[in-house]
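[1] Quick one: sequence and predicted model below, then my questions.
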Amino acid sequence: MAHADSISPAQLSSPLARQKPSPWFNVLAGAVIVLGIIYAGYHLANDLSVVRDTRAYPFVLLGIALLIALGFEFVNGFHDTANAVATVIYTNSLSPNLAVVWSGCFNFLGVLVSSGAVAFGIVSLLPVELILQVGSGAGFAMVFALLIAAILWNLATWYFGLPSSSSHTLIGSIIGVGLMNQLLSGASGTSGVDWSQATKIGETLLVSPLVGFSAAWLLLTIIKNVIKIPALYKEPEGSKPPPLWIRGLLILTCTGVSFFHGGNDGQKGMGLIMLILIGTVPTAYALNRTMHEEDVTRFVAISRQAQVVLTHYGDGPAPSDPHAAVLDIVRTRTVDPKSLPAITALATAVDNQVNGFHSLDKVPAAAMVNVRNDMYLVSEGLRLVAKSPSITLSAGDKHTLAEYKQQLDDATKFIPNWVKVAVAIALGLGTMIGWKRIVVTVGERIGKTHLTYAQGASAELVAMATIGAAEMYGLPVSTTHVLSSGVAGTMVANHSGLQWATVRNLLMAWVLTLPVSIALAGALYWLFRTLL
């Protein structure tokens, strides 16, 4: 990897390096941050009003953990959100100050409308016993280790001006924690990494830069052969903006990438923030307290239908301790007809508890974590049932179990709006402060010539479509990999040539991200677990 001194001359020679935020930009950014802090703080305080614990320790721990989690999203903004504005800045479609604000607004909207599927897809990679006992020392060691490891690697690659993937880094950190958890526990039956889920996510992260490169190359090649408008293939003249229709197209693609980036990458820290909230103040966050009596009635009805389905496919008696039996199923990630009675029995127990309380906000504080953990285990058990080769469900039964799983997830896998607002602000603030290094690399150091309008539009259209599709299927994908490889693809299609020193550094960062983050997170988990 090149030393920082070898990169800084290119950055210093770039006109972007001399860009200074205008006073109005600073005022606007400050106002947004203050309003966001007030909004998030008010709703957090309102949620915590139901907590009767008078000790200071849980709240101090909560504050530290939230700062670390939001710090990850802040550093994520250095990398991933900066990619979204690179093309509009380098084609003079928007000034840097306006581009960052514009991108931040649509990142914010993307975060707000996100489904949470990516957030909890990330969480499902973690060892199940640490998820269920996240309030323990080992649970906090897990969250601190993987977030700090991801922050350290992201900062290192940002310092060298390398567009590294925050998704890649976070997945590596999770794998490192899972492996170390298994090593520390020996043969005690604890779990490590959900390799099937990790493989699924890893394939997405591996394929995304190849898709970005080839799709952008193909799209630009088609455009050049179909659209014969010379202005589209020109480099910007000084600081002159492009023709209005080209400018509109480039702003549209930047908007799409920003929106879908918020909907995908913005979720990566949300699931971990929810684990932190559940671990420190379970009374407020273990269960979705917005589910009231009519929701509980619907939950109980579909729960009993699901129990009938599970009984139909099950074989054998229910165990004396269904919680432990289902925990073992989820830990080993194996399910067959003989293990279905355990899931049925635990679903029945959850049904009885929820029906007895009539509303989730009436569940006593002492029972919150137990009810939540039982719901989580049943949901994960149903996920394994749907994938089991030894259980063939009919289409109707599959639909019933999927609907029941959705009800369980609505109760346990939820993200309050204030968390989304806090994450969006952290992303935007990171972009405002650290965008230059990555933008300079993407705009100036991948190809040998300046980015043309058609190249910028092609790279961003591909990135927008890829990230949007990944969000639809609940898969994390790297904005950095897709867009930087897309820019490289357009350079090849345009016969502009590549700066191989930069490409080599990008590939090296891509190759090193997983092993470094795995080793770093594993070591930190061992250290924090020893201390906590």
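    On my side now, so go ahead.

[2] Off-centre distance for whatever helix or strand Ile33 lives in?
    Using DSSP states H and E, Ile33 sits in helix 23-48. Distance, stretch centre to chain centre, for helix 23-48: 22 Å (C-alpha atoms, centre = their mean, to the nearest Å).

[3] all strands for this protein, in order.
    Taking DSSP state E, the chain contains no strands at all.

[4] and the helix holding Ile33, average pLDDT?
    For helix 23-48, mean pLDDT rounds to 83.

[5] just checking, what packs against that helix?
    When contacts are defined as 3 or more C-beta pairs under 8 Å, 6 or more residues apart in numbering; DSSP states H and E, helix 23-48 packs onto helix 96-113, helix 282-285, helix 417-444. (Glycine included, C-beta is placed from N, CA and C.)

[6] Phe74 is nearest to which of these?
    helix 417-444 (4.1 Å; C-beta to C-beta).

[7] Relative to the whole chain's centre, how far out is that closest one?
    For helix 417-444, the distance to the chain centre is 14 Å (C-alpha atoms, centre = their mean).

[8] tell me which residues in that helix are buried?
    418-432, 434-444 (16 or more other C-beta atoms under 10 Å).

[9] Against which helices or strands is it packed?
    helix 4-13, helix 23-48, helix 57-76, helix 82-90, helix 96-113, helix 137-159, helix 270-280, helix 479-493.

[10] Tell me which of those is the most buried.
    helix 82-90 (a mean of 30; mean count of other C-beta atoms under 10 Å).

[11] for that helix, the distance to its chain's centre please.
    With C-alpha atoms, centre = their mean, you get 21 Å for helix 82-90.

[12] If you average the pLDDT over that helix, what comes out?
    The model assigns helix 82-90 a mean pLDDT of 78.

[13] pull the CA atoms of that helix into PDB?
    The C-alpha trace of helix 82-90 is given here as PDB (Å, rounded to 0.1, in the frame of the first residue of the first chain):
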ATOM      1  CA  ALA A  82     -18.300  10.500  -0.500                       C
ATOM      2  CA  ASN A  83     -18.500   8.200  -3.500                       C
ATOM      3  CA  ALA A  84     -22.000   9.300  -4.300                       C
ATOM      4  CA  VAL A  85     -20.900  13.000  -4.800                       C
ATOM      5  CA  ALA A  86     -17.700  12.300  -6.700                       C
ATOM      6  CA  THR A  87     -19.100  12.400 -10.200                       C
ATOM      7  CA  VAL A  88     -21.300  15.500  -9.800                       C
ATOM      8  CA  ILE A  89     -18.400  17.400  -8.300                       C
ATOM      9  CA  TYR A  90     -16.000  16.300 -11.100                       C
END
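
[14] Next, the angle helix 417-444 makes with it.
    Here the directions of helix 82-90 and helix 417-444 differ by 50 degrees (axes from the mean of the first three to the mean of the last three C-alpha atoms, to 10 degrees).

[15] Show me what helix 82-90 packs onto, helices and strands only.
    By 3+ C-beta pairs under 8 Å, 6+ apart, helix 82-90 packs against helix 96-113, helix 244-264, helix 417-444, helix 453-472, helix 479-493.

[16] Between the helices and strands packed on helix 23-48, which one is closest to Ser394.
    Comparing the helices and strands packed on helix 23-48 by C-beta to C-beta, helix 96-113 comes nearest, at 34.0 Å.

[17] contacting residues for Glu73?
    266, 268-269, 423, 426-427, 430 (C-beta atoms under 8 Å, 6 or more residues apart in numbering).

[18] what's the farthest-apart pair in those residues?
    Lys268 and Gly430 (13.1 Å).

[19] hey, what's in contact with both of the two?
    73, 76.

[20] Just give the closest residue to Asn288, not the sequence neighbours.
    In space, not counting the residues next to it along the chain, Asn288 is nearest to Phe414; the distance is 4.4 Å by C-beta to C-beta, 6 or more residues apart in numbering.

[21] hang on, that neighbour packs against Ser115?
    No. Applying C-beta atoms under 8 Å as the test, Phe414 and Ser115 come out as separate, 11.0 Å apart.

[22] So for those two, which sits in the more crowded spot?
    Per other C-beta atoms under 10 Å, whichever of Phe414 and Ser115 has more neighbours is Phe414, with 17 against 13.

[23] Now that one, what are its backbone angles?
    Phi and psi for Phe414, reported as degrees, to the nearest 10, are phi -130, psi 160.

[24] Likewise for Ser124?
    phi -70, psi -10.

[25] quick one: it and Leu310, what's the gap?
    21 Å (C-beta to C-beta, to the nearest Å).

[26] same thing with Val128?
    The value you get for Val128 to Leu310, if C-beta to C-beta is used, is 20 Å.

[27] More neighbours: those two, which one.
    Leu310 (27 against 23).
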